[in-house]
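Undergrad: Show me how the following folds:
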Amino acid sequence: MAYHHLVRLLLVIAVWPVILQAQEAREIVRRSVEHDQRNNEIARNYTFLERAEERELDNSGKVKRVESTTEDITLLEGSPYRRKLARNDQPLSPKEEKEEQNKLQNSIEQRRKETPEQREHRLAEWDRRREKQREPFREIPDAFDFRMVGEESLNGGQAWVIDATPRGGYKPKSREATFFSRVKARFWIDKSDYQWVKLEVDVTNTLTFGGVLFRIAKGGHVTMEQTRVNNEVWLPKSISGRGQMRIALVKVLRGELLVSFTNYKKFQADSRLVPTGQ
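TA: All right, here's what the predicted structure looks like:
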């Protein structure tokens, strides 16, 4: 009996550092999620440029088509407005530019004519959509098992590197979090303020979004990076994804999607968006 007790004690001593590391990693991720919520409130006040590039690959992996779109995302009467600026890094045609100007002018007029109740409803709807998108993030600390990998220098600071694998038996609280069981991830979390600097996600089983409207096949990979802006907020720097995607069960794309975010500016509450040419 004494021998068995000794074996159990030695086993506990051997695995205890691993247990402590897992608990520490989970606590770091939990704090990161909490900090991200506060960060998100500041982020809503920033405007930026977004460039999205789609690369379609042939069966041999060679690029056969490249398309890009650049848009300006600003705040128009309290909520975001997206205006297309360029296609394939070239200015819009005169026809497209005129269409964009007309759309912008119409949106300005419509939003400025709103009653207080209509404006409140529009802003509340924007907040609701933002909140819906962020719901799954709150479940991350409970939905995964974590392992501390180490530390790395990244984006001018030191970051913890933490691996995440789906926790067996976890039942998602929101529908948007159901895909967690089909991915594994690696987090880089800044040690100074607990914001995530980088995130890599590997798709381990087919993901479906919007019913059956959009699917990403097993083997897909997504990388997201953030950067510190004005020493007060972390904002997206880039998103890249590769793999096979099926859209509306008809169109199959095999390729890469690259999205970059630049020219961040803090929007002033008393600013007004005026169409070019006025």
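
Undergrad: What segments of the protein are helices?
TA: Here the chain has its helices, by DSSP state H, at 2-43, 94-112, 116-143.

Undergrad: Nearest to residue 157, out of those helices?
TA: helix 2-43 (13.9 Å; Cβ to Cβ). C-betas here are computed from N, CA, C, even on glycine.

Undergrad: Any figure for the gap between residue 139 and residue 74?
TA: Remark: distance between residue 139 and residue 74 (Cβ to Cβ, to the nearest Å) = 32 Å.

Undergrad: now swap in residue 104 and tell me
TA: Distance from residue 104 to residue 74, counting by Cβ to Cβ: 10 Å.

Undergrad: now do residue 260
TA: 17 Å.

Undergrad: now do residue 219
TA: For residue 219, the distance to residue 74 (Cβ to Cβ) stands at 37 Å.

Undergrad: between those two, which one's more packed in?
TA: With neighbours defined as other Cβ atoms under 10 Å, residue 219 and residue 74 compare such that residue 74 has more, 18 against 13.

Undergrad: pLDDT at the more buried one, what is it?
TA: You'll see residue 74 listed with a pLDDT of 93.

Undergrad: returning to that earlier point: mean neighbour count and mean pLDDT for the helices of the chain - can I get that in a markdown table?
TA: Shown next, in a markdown table, are the helices of the chain (neighbours: other Cβ atoms under 10 Å; pLDDT from 0 to 100):
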| stretch | mean neighbour count | mean pLDDT |
| --- | --- | --- |
| helix 2-43 | 13 | 65 |
| helix 94-112 | 13 | 95 |
| helix 116-143 | 14 | 90 |
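
Undergrad: Tabulate the ones you listed (JSON lines), appending distance to residue 234.
TA: Output for those, formatted as JSON lines (distance: least, Cβ to Cβ, whole Å):
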{"stretch": "helix 2-43", "distance to residue 234": "5"}
{"stretch": "helix 94-112", "distance to residue 234": "29"}
{"stretch": "helix 116-143", "distance to residue 234": "14"}
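
Undergrad: Can you tell me which of those is nearest to residue 67?
TA: Nearest of the helices of the chain to residue 67, taken as Cβ to Cβ: helix 94-112 at 14.4 Å.

Undergrad: Using CSV, write down the CA coordinates of the closest one.
TA: Extracted C-alpha coordinates of helix 94-112, given in CSV (Å, rounded to 0.1, in the frame of the first residue of the first chain):
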residue,chain,number,x,y,z
PRO,A,94,-16.2,57.6,-63.8
LYS,A,95,-19.5,55.7,-63.7
GLU,A,96,-18.6,53.8,-60.5
GLU,A,97,-17.3,57.0,-58.9
LYS,A,98,-20.6,58.7,-59.6
GLU,A,99,-22.6,55.8,-58.2
GLU,A,100,-20.6,55.9,-55.0
GLN,A,101,-21.0,59.7,-54.7
ASN,A,102,-24.8,59.3,-55.2
LYS,A,103,-25.0,56.6,-52.6
LEU,A,104,-23.0,58.6,-50.1
GLN,A,105,-25.1,61.7,-50.7
ASN,A,106,-28.4,59.8,-50.3
SER,A,107,-27.1,58.2,-47.1
ILE,A,108,-26.1,61.6,-45.7
GLU,A,109,-29.5,63.0,-46.5
GLN,A,110,-31.4,60.0,-45.1
ARG,A,111,-29.5,59.9,-41.8
ARG,A,112,-29.7,63.6,-41.2
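
Undergrad: Centre of the chain to it, how far?
TA: 29 Å (Cα atoms, centre = their mean, to the nearest Å).

Undergrad: repeat for stretch 101-116
TA: Centroid separation for stretch 101-116 versus its chain: 29 Å, with Cα atoms, centre = their mean.

Undergrad: next one: stretch 118-126
TA: So, by Cα atoms, centre = their mean, the centroid of stretch 118-126 is 23 Å from its chain's centroid.

Undergrad: cool, and stretch 145-153?
TA: Taking Cα atoms, centre = their mean, one finds the center of stretch 145-153 at 20 Å from the center of the full chain.

Undergrad: what do you get for stretch 105-121?
TA: The answer for stretch 105-121 is 29 Å, by Cα atoms, centre = their mean.

Undergrad: Need the distance between the two termini of it.
TA: Start-to-end span of stretch 105-121 (Cα to Cα, to the nearest Å) is 21 Å.

Undergrad: just use 24 as the starting number from now, easier for me
TA: I'll keep to 24 as the first residue from here, and by that count the last item is stretch 128-144.

Undergrad: Pull the contacting residues for residue 249.
TA: Residues in contact with residue 249 (Cβ atoms under 8 Å, 6 or more residues apart in numbering) are 178, 218-221, 257-260.
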